[in-house]
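Student: Sequence plus predicted model, see below.
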There are 2 protein chains.
Amino acid sequence: MKIERADDTGTIDRRVARTRALLQDAIIALIPERGYAAITVDDICRKANVGRSTFYTHYTDKDALRSATLEAHLRSLSRERLSKDERTGSRLFEFSLPMFEHAQAFRSLHHALLASSGDTIHDQMRERIQRSVRAELGGKRIGETGVSAEFAVQFISGAFLAVLGWWLSTDTKLSPAQVDELFQKMAGQGIGARQAPIDEG
Amino acid sequence: MKIERADDTGTIDRRVARTRALLQDAIIALIPERGYAAITVDDICRKANVGRSTFYTHYTDKDALRSATLEAHLRSLSRERLSKDERTGSRLFEFSLPMFEHAQAFRSLHHALLASSGDTIHDQMRERIQRSVRAELGGKRIGETGVSAEFAVQFISGAFLAVLGWWLSTDTKLSPAQVDELFQKMAGQGIGARQAPIDEG
DNA sequence: GCCAATTCCGGACATCATGTCCAGTATGAT
DNA sequence: ATCATACTGGACATGATGTCCGGAATTGGC
């Protein structure tokens, strides 16, 4: 009933470290089994062999546990990167490769945290967008085949949804036509990497 | 207790059309108020002036209502597009502009459906990625200022997250380095649209 | 305008998850 | 060893879910 520090590394008492680790492992193991939404606090506690009342002395919520778990792992990822002190500047985006590597190493974790349960608003929206993109991209014929074509689909639809959400949530003065122009430019150029540039017209 | 058709337009009885419209309007109005997760079926029914038991004769779930609502609006969007029969081929992605326009017209609706409540796994992840992208993009100096720089941030991080999720959920043979290369290519070219192309190195 | 069919109502009900609390026990820190 | 602190397990109130029913209201067809 004290338990002040939020992080796990600096925690003094072994019991709290143990309990939190058990809970975090439990929720990670549970997410792929039945999906995050369907998990109850009781499920987590039974899986972790931790009393339910104990849970609430550490986390206020199921969400709080998830959040803490994700944070802990992302922090450990940053720590790794810093220790490897790779020479910067060789590529445009430094963050992506370590992320992909970490994702593979902790595949089940990332899969659990990112995998769309399919029952969120975003998932439903994404389905629709992906269909559109796939149709248009298939029609225009991209150079590569199979997997990399689908890569482009994912890339473009993800970008579009992010942009759309951002455009709506901020009070931008951009008109629909203006945002679309920006989007067309970036998306078109991105595709251009795997195809002859689109002729102006 | 009959109620067979899923769509609203073809529904015979005025009462069911009325009820469903009321419920759909209610949930749309409610989402921006307190966020989707916090809404209860009872909230929706009181807002819509519909008996709670009636709700369950139309939708099994809160999720089912949301899903149906979103579908209905996306369908209406497709209908619009078809009626406008715009000449195709002028731009690479046809779907985006109508989407942006529709989003502006039904701003509150789209905002409600897309706006991240900030409390999902994805939101938390996105925060982190955006920070990385913003840092790297800021460092590398993109030509434009302010709003369009943030546009690029949203575009890139959205694309990355989508790709990461896809890569994890499908049994791809791609190695981390390979996915990253694809990502770097598309992202780099996308950025290139607003900057001199990156010299090969 | 009438009638049969269908929908809506609203209240009752069982079930389940949540979050709080407490007294008793076990464990770690020193 | 002993004290502080964390864990336990059970009880409790609360609130949401989904189902079911009889009666009232509205609709579409005639």
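Tutor: Arrived safely, thanks for sending.

Student: quick one: pLDDT of the nearest residue to residue A:107 once chain neighbours are set aside?
Tutor: Distances taken as Cβ to Cβ, 6 or more residues apart in numbering or on different chains place residue B:168 nearest to residue A:107, at 6.5 Å, with adjacent residues excluded. (C-beta placed from N, C-alpha, C; glycine too.) At residue B:168, the model reports a pLDDT of 91.

Student: So what angle separates the directions of whatever helix or strand residue B:168 lives in and helix A:147-169?
Tutor: Using DSSP states H and E, residue B:168 sits in helix B:147-169. Angle of helix B:147-169 versus helix A:147-169, following axes from the mean of the first three to the mean of the last three Cα atoms, to 10 degrees, is 140 degrees.

Student: what separates helix B:147-169 from the chain centre, distance-wise?
Tutor: 14 Å (Cα atoms, centre = their mean, to the nearest Å).

Student: For it, list the C-alpha coordinates in CSV.
Tutor: Extracted in CSV, the C-alpha atoms of helix B:147-169 (Å, rounded to 0.1, in the frame of the first residue of the first chain):
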residue,chain,number,x,y,z
VAL,B,147,1.8,22.7,-41.0
SER,B,148,3.2,20.8,-43.9
ALA,B,149,6.1,19.5,-41.9
GLU,B,150,3.6,18.0,-39.4
PHE,B,151,1.8,16.6,-42.4
ALA,B,152,4.9,14.6,-43.3
VAL,B,153,5.2,13.4,-39.7
GLN,B,154,1.7,12.1,-39.7
PHE,B,155,2.1,10.6,-43.1
ILE,B,156,5.3,8.7,-42.3
SER,B,157,4.4,7.5,-38.8
GLY,B,158,1.0,6.3,-40.0
ALA,B,159,2.7,4.4,-42.8
PHE,B,160,5.2,2.9,-40.5
LEU,B,161,2.7,1.7,-38.0
ALA,B,162,0.6,0.2,-40.7
VAL,B,163,3.6,-1.6,-42.2
LEU,B,164,4.8,-2.8,-38.9
GLY,B,165,1.4,-4.3,-38.0
TRP,B,166,1.1,-5.9,-41.4
TRP,B,167,4.6,-7.3,-41.3
LEU,B,168,3.9,-8.9,-37.9
SER,B,169,0.5,-10.3,-38.6
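
Student: what about residue A:186, neighbour count?
Tutor: For residue A:186, the neighbour count with other Cβ atoms under 10 Å in any protein chain shown is 26.

Student: I appreciate the help and will end here.
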